[in-house]
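A.B. asks: Show me how the following folds:
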Amino acid sequence: MARIYLVRHGEPTGSWGTSPDPDPGLSDLGHQQAATAADRLRLLTPRQIVTSPLKRAAETAAPLATALSMKAEVVNRVAEIPSPASIAMHARGDWLREVMSRTWEDVDPGLVRWRQAALDYLMSLSEDTAVFSHYVLINVAVGAAIGDERVHCFAPTHASVTILDTNGRGLTLVELGATGASAIR
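C.D. replies: Numbers count the residues shown, from 1 in each chain. Reported below is the predicted structural model:
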């Protein structure tokens, strides 16, 4: 049995449709949130740290990696939900809001494959792991753990920590992270 600490990235400097940077890093508040999450997680002693390749997630993982003298492993399967190449950056927020209003049965098959790859990866973890990722991916894991097929079933705040266990065949919810409104523009 492995424990998974799913951490949503801290507040970024920009978001879809509002930032010219497609991969924004953390704001000053986001760096503070990352430090607070690291303070909590270092006491829980994860054996490994995994991060999405996106800057905001990697920057959120950095304080914990430093505190535990570990290197965060970059894993594409915990990255942000992929948007179609045909969707312009300024329209991505509208696309995401539409996707999040559905169930997994009602989305594009490519997104279903992305979801399954993420779940397969999380269930393959054999050591207690801190995973720094994104809003929808955390919803994927929580939904699987509680049997909720909605794309959006939980609203994790920036740098919240959601705790799950895996036995290699499924996920069990241990503790939901902090919840709140999240701007999707």
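A.B. asks: what number of residues lie near residue 73?
C.D. replies: Other residues near residue 73 come to 14 when the count uses other Cβ atoms under 10 Å. C-beta: built from backbone N, CA, C; applies to glycine.
A.B. asks: who's it bridged to?
C.D. replies: Beta-bridge pairing of residue 73 under DSSP bridges involves residue 50.
A.B. asks: Could you number the chain from 378 rather than 1 from now on?
C.D. replies: In the new numbering, first residue 378, that becomes residue 450.
A.B. asks: Distance check, it against residue 435.
C.D. replies: When distances are taken as Cβ to Cβ, to the nearest Å, residue 450 and residue 435 turn out to be 11 Å apart.
A.B. asks: quick one: residue 500 is in a strand?
C.D. replies: No: for residue 500, which was evaluated using DSSP: H, G, I helix; E, B strand; the rest coil, the result is helix, with no strand membership.
A.B. asks: can I assume it is in contact with residue 548?
C.D. replies: Yes: at 6.6 Å, residue 500 and residue 548 qualify as touching, with contact defined as Cβ atoms under 8 Å.
A.B. asks: Output the lowest-mean-pLDDT helix or strand in the chain as PDB - backbone C-alpha positions only.
C.D. replies: Sorting the helices and strands of the chain by mean pLDDT, DSSP states H and E puts helix 469-477 at the bottom, at a mean of 93. Once side chains and other backbone atoms are set aside, the C-alpha atoms of helix 469-477 remain, and they are given as PDB (Å, rounded to 0.1, in the frame of the first residue of the first chain):
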ATOM      1  CA  ARG A 469      -8.900  27.400 -23.700                       C
ATOM      2  CA  GLY A 470     -10.800  28.500 -20.600                       C
ATOM      3  CA  ASP A 471     -14.100  28.200 -22.400                       C
ATOM      4  CA  TRP A 472     -13.100  24.700 -23.700                       C
ATOM      5  CA  LEU A 473     -12.100  23.600 -20.200                       C
ATOM      6  CA  ARG A 474     -15.300  24.900 -18.600                       C
ATOM      7  CA  GLU A 475     -17.300  22.900 -21.200                       C
ATOM      8  CA  VAL A 476     -15.300  19.700 -20.500                       C
ATOM      9  CA  MET A 477     -15.600  20.200 -16.800                       C
END
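A.B. asks: Of all the residues in it, which ones are buried?
C.D. replies: Residues of helix 469-477 classed as buried under the neighbour-count rule (16 or more other Cβ atoms under 10 Å) are 469, 470, 472, 473, 476, 477.
A.B. asks: just stretch 400-408 next, same as before
C.D. replies: Taking 16+ other Cβ under 10 Å as the neighbour-count basis, stretch 400-408 is seen to contain the buried residues 401, 402, 403, 404, 407, 408.
A.B. asks: do stretch 545-560 as well
C.D. replies: Along stretch 545-560, these residues count as buried under the neighbour rule (16+ other Cβ under 10 Å): 548, 550, 553, 554.
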